[in-house]
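K.L.:
Let's see this in three dimensions:
(chains A and B)
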Amino acid sequence: MTVETVSQPVENAEERAPQLLGPWALMWRKFKRHRVAYASLWVTGLIYFMALFGDFLAPEQIDETNRRGIFVPPQGIHFFVTEKDGSSRFLLHAKSLKMQVDSATMRRSYVERPDKVIPLGFFVKGYPYKILELIPADTHFFGPVAEKDVVYFLGSDRLGRDILSRIIIGTKVSMSIGLVGIAVSLVIGVSLGGLSGYYGGWVDTLIQRLVEFLRSIPTIPLWMGLAAAIPLGWPPLRTYFVVTLIVSMIGWTSLAREVRGKFLSLRNEDFIVAARLDGLTDWEIIRKHMVPSFSSHIIASLTLAVPLMILAETSLSFLGIGLQPPIVSWGTLLKEAQNIRTIIEAPWLLIAPGSMIIVAVLALNFLGDGLRDAADPHAH
Amino acid sequence: MIPTVFLISVVTFAIIQLPPGDYLDTLAAELNDSGGLDEGTMQALRDQYGLGQPMYVQYIKWMSQIVLHGDFGISFEKNVPVNDLIWDRLAWTFGISLMTLLFIWMTALPIGIYSAVRKYSFGDYVATFFGFVGLAVPNFLLALVMMYLAFKYFGQSVGGLVSPQYLEQPWTWDKFIDLLAHIWMPIVVVGTSGAAALIRIMRANLLDELYRPYVVTARAKGMSEFQLLLKYPVRVALNPFISTIGWILPTLVSGEIIVAVVMNLPTTGPLLLRALLVQDMYLAGSLILLVSILTVFGTLISDLLLAWIDPRIRYQ
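P.N.:
Predicted structure coming up:
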């Protein structure tokens, strides 16, 4: 450019021309002001971190059963041990438990053994696994220092398996169902919504009727019917994908409506007409001019669709017609707490996975709400 | 309307066909153990359902039995006509769904109005918080928690709609009271998420209206605040309230089905789940078909209701 502009005093230039922010930077700014949504972004990130590095975070192997540890209540973490001479010393530990069976009522109970504690530590050695399925490792974030000790931080189930580890490992399946599901919804929703809004006419009518149809029927009985048709003998991975497909049937309708609305309002905007007069093909117009102008809205409504899918998977697995037990997900964990007798005997079977679901769904909902507000950075 | 019902029937039929093998294979396998079925009966059944023939023939036979004769087929697990099993349960499902709708209105309307009028007050924050939690907690989880609390702190017998001692009894006043003591729980459980959503809608709608000039005018003329509120802005804001029946009814019916499984209510939920698990497909198909069609009818009624209340829609 011209020499004059460059040679101006630096302080002055900064004062006169405020930094110009692109649309994404503006949105980010607005999003950060929404404090709950910003915090939810961190929570969501943490949950996905848990999904990626589950084996590192889980203290115990998830399918390791323990006959002497059935329905152990959650064990607390203690900080100080008392030495024999009466002084106390800092040591992370859990109390060692002993099972007692009351032979008259056949009820199990656990008492603390005063003579033995289980030292706990960070980065301890445990069962071997592979980081991201690639790098072999056997270090675990937190757990008992000695490999043979078992501590149930959130209690154990009817086979003596560690609930905490199962929740952590189950995160992978439960959270990824949401992601794979929205990928499917994204493709169907954007293409059908786009077709509907861009071309109008009978295509529009047909697609809108289809959307209305899917929205007017109760989904649960329909899913139940579809999910129950999955043969029990199928390999877990295939079941997982089919359940994901079934679950993603809901997500796309709202997305298709949103995209259609955007297309309708954009279709006659000046810049689109100009692009058309310039001789761009329909596909180029859609890809280069229309999609970028509403991609933020798409991201927001996709985020809001994830919790719906997580809830759907959980409900189906809970009923026993979604994912089946060798697969660990939050839904299959809750299935263990299906009858009231079990819940009364071991409430942690319900509370621990239940709160995990609620936290994940709440975080994703707040995040989606914040994104939706931020998607329009100029609105108030 | 007609295309929707047609689509529902096609989808349901597809679901019936999904599991491998057909109805007669299962029946034959079942009856082989207990003496078997003679060839004549097999052939008669095969003709009746058009089994072994092309899909569309089977579909037409199945549909025409239903439409012309009201015959939904036989539940092979219980070996009785589907008709004998489903109607009571369907009535309960829709009864509970409608009562839930009333419950949602009764709670969402006052709370929504309060939230909007006392915006950002403590009560508003409490309502918003419960709204979000209500949306985040899956129905069945809420049902389990309520059952646990009811058992632990009130000692109430959980599950079912009446206490065990009334199960086979004729309807009496005592049984009715007992029913009321039980039925509130599924209603509250199913209604929570819907109420949460409606509170948010009501609050947003009313906030749009509250600061309009006509409200200021009415206030300037000295109308009492309460009268003013109910007479103008609430009436306008109420409109989307009714149109939400359209989407809330399907979710209520869905929710009722899943909660009924957890709480063991005598409604369609447990029957449908059982039928699907043992692949009693005529029973399952009839239930899915009827539940969906009745829901669509409910939505239609709500649309008509809306047109009756709001002249702007009527004249469009």
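K.L.:
Residue ranges in chain A under the pLDDT threshold?
P.N.:
A:1-18, A:105-106, A:250, A:376-380 (pLDDT under 70).
K.L.:
Output the contacting helices and strands for the longest helix along it.
P.N.:
With secondary structure taken from DSSP state H, chain A has its longest helix at helix A:163-199. If you count contacts as 3 or more Cβ pairs under 8 Å, 6 or more residues apart in numbering or on different chains; DSSP states H and E, helix A:163-199 packs onto helix A:35-52, helix A:54-57, helix A:201-216, helix A:236-267, helix A:291-319, helix A:330-335, helix A:348-374. Glycine gets a C-beta too; all of them are placed from N, C-alpha and C.
K.L.:
Give me whichever of those helices is most buried.
P.N.:
Each of those was scored by mean neighbour count; the highest is helix A:330-335, a mean of 26, by mean count of other Cβ atoms under 10 Å in any protein chain shown.
K.L.:
For the stretch 251-380 of chain A, which residues are neighbours of chain B?
P.N.:
Residues of the stretch 251-380 of chain A lying close to chain B (Cβ under 8 Å from any Cβ of the partner chain) are A:307, A:311, A:314-315, A:318-321, A:334, A:337-338, A:340, A:343-344, A:347, A:350, A:354, A:357-358, A:361-362, A:365-366.
K.L.:
ok, 6 Å please
P.N.:
Contact residues (Cβ under 6 Å from any Cβ of the partner chain) of the stretch 251-380 of chain A with chain B: A:311, A:314, A:315, A:318, A:340, A:343, A:350, A:354, A:358, A:361, A:362.
K.L.:
list the contacts for the first one?
P.N.:
For residue A:311, the contacting residues are residue B:138, by Cβ atoms under 6 Å, 6 or more residues apart in numbering or on different chains.
K.L.:
got it, and the second one?
P.N.:
When contacts are counted by Cβ under 6 Å, 6+ apart, residue A:314 is found next to A:330, A:331, A:357, B:138.
K.L.:
which one is the second one nearest to, not counting chain neighbours?
P.N.:
Nearest non-adjacent residue to residue A:331, counting by Cβ to Cβ, 6 or more residues apart in numbering or on different chains: residue A:317, 2.8 Å away.
K.L.:
what about residue A:95, helix or strand, and which?
P.N.:
For residue A:95, the element it lies in under DSSP states H and E is strand A:88-102.
K.L.:
Listing partners with orientation, what would you give for that strand?
P.N.:
strand A:78-82 (antiparallel), strand A:107-131 (antiparallel) (DSSP bridges).
K.L.:
got the contact list for it?
P.N.:
Residues contacting strand A:88-102 (Cβ under 6 Å, 6+ apart): A:68, A:75, A:78, A:80-83, A:108-113, A:116-120, A:151.
K.L.:
hey, where'd the helices end up in the stretch 101-250 of chain B?
P.N.:
Assigned by DSSP state H, counting those that start in this stretch, the stretch 101-250 of chain B shows helices spanning B:122-136, B:139-149, B:173-210, B:213-220, B:225-231, B:233-243, B:245-263.
K.L.:
Okay, buried residues for the second one please.
P.N.:
In this case it means helix B:139-149. B:139, B:140, B:141, B:142, B:143, B:144, B:145, B:146, B:147, B:148 (16 or more other Cβ atoms under 10 Å in any protein chain shown).
K.L.:
Those residues also near chain A: which ones?
P.N.:
B:140, B:141, B:144, B:147, B:148.
K.L.:
doesn't residue A:354 make contact with the second one?
P.N.:
In this case it means residue B:141. Yes - taking Cβ atoms under 6 Å as the definition, residue B:141 is a contact partner of residue A:354 at 5.1 Å.
K.L.:
Turn the ones next to chain A among the buried residues of helix B:139-149 into JSON lines, including pLDDT and distance to residue A:42.
P.N.:
Formatted as JSON lines, these follow (pLDDT from 0 to 100; distance: Cβ to Cβ, whole Å):
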{"residue": "B:140", "pLDDT": "84", "distance to residue A:42": "29"}
{"residue": "B:141", "pLDDT": "86", "distance to residue A:42": "24"}
{"residue": "B:144", "pLDDT": "85", "distance to residue A:42": "29"}
{"residue": "B:147", "pLDDT": "82", "distance to residue A:42": "34"}
{"residue": "B:148", "pLDDT": "82", "distance to residue A:42": "31"}
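K.L.:
Dump those into TSV; add distance to residue B:274 as well.
P.N.:
As requested, those are arranged in TSV below (distance: Cβ to Cβ, whole Å):
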residue	distance to residue B:274
B:140	16
B:141	22
B:144	20
B:147	20
B:148	24
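K.L.:
right, and out of those residues, which lies closest to residue A:23?
P.N.:
residue B:141 (39.4 Å; Cβ to Cβ).
K.L.:
could you list every residue that touches that closest one?
P.N.:
Residue B:141 neighbours (Cβ under 6 Å, 6+ apart): residue A:354.
K.L.:
at contact distance from chain B, anything in stretch A:200-218?
P.N.:
Yes - using Cβ under 6 Å from any Cβ, stretch A:200-218 reaches chain B at A:213, A:216, A:217, A:218.
K.L.:
didn't the first one look like it was pressed against residue B:5?
P.N.:
Think residue A:213. No - contact criterion Cβ under 6 Å: residue A:213 and residue B:5 do not qualify, at 10.0 Å.
K.L.:
Run through the bridge partners of the closest residue in space to residue A:93 that isn't next to it in sequence.
P.N.:
Leaving out its chain neighbours, the residue that sits closest to residue A:93 by Cβ to Cβ, 6+ apart is residue A:117, at 4.3 Å. Beta-bridge partners for residue A:117, by DSSP bridges, are residue A:95.
K.L.:
For residue A:117, the count of nearby residues, please.
P.N.:
17 (other Cβ atoms under 10 Å in any protein chain shown).
K.L.:
any idea how far chain B is from it?
P.N.:
Using Cβ to the nearest Cβ, to the nearest Å, residue A:117 is found at 32 Å from chain B.
K.L.:
that older thread, between the longest helix of chain A and helix A:236-267, what angle do the directions make?
P.N.:
Comparing the axes of helix A:163-199 and helix A:236-267 via axes from the mean of the first three to the mean of the last three Cα atoms, to 10 degrees yields an angle of 40 degrees.
K.L.:
Spell out the secondary structure type for residue A:337.
P.N.:
coil (DSSP: H, G, I helix; E, B strand; the rest coil).
K.L.:
so who does it touch?
P.N.:
A:343, A:349, A:350.
K.L.:
Would you list the phi and psi of it?
P.N.:
phi -100, psi 40 (degrees, to the nearest 10).
K.L.:
hang on, the earlier thing: and of the contacts of residue A:314, the nearest to residue A:30?
P.N.:
residue A:357 (29.2 Å).
K.L.:
which residues does that closest one contact?
P.N.:
Per Cβ under 6 Å, 6+ apart, neighbours of residue A:357: A:314, A:330.
K.L.:
In the stretch 1-150 of chain B, what residue spans correspond to strands?
P.N.:
For the stretch 1-150 of chain B, strands defined by DSSP state E, counting those that start in this stretch occupy the ranges B:74-75, B:80-81.
K.L.:
So what's the gap between stretch B:250-261 and the chain middle?
P.N.:
In terms of Cα atoms, centre = their mean, to the nearest Å, the centre of stretch B:250-261 is found 5 Å from the chain centre.
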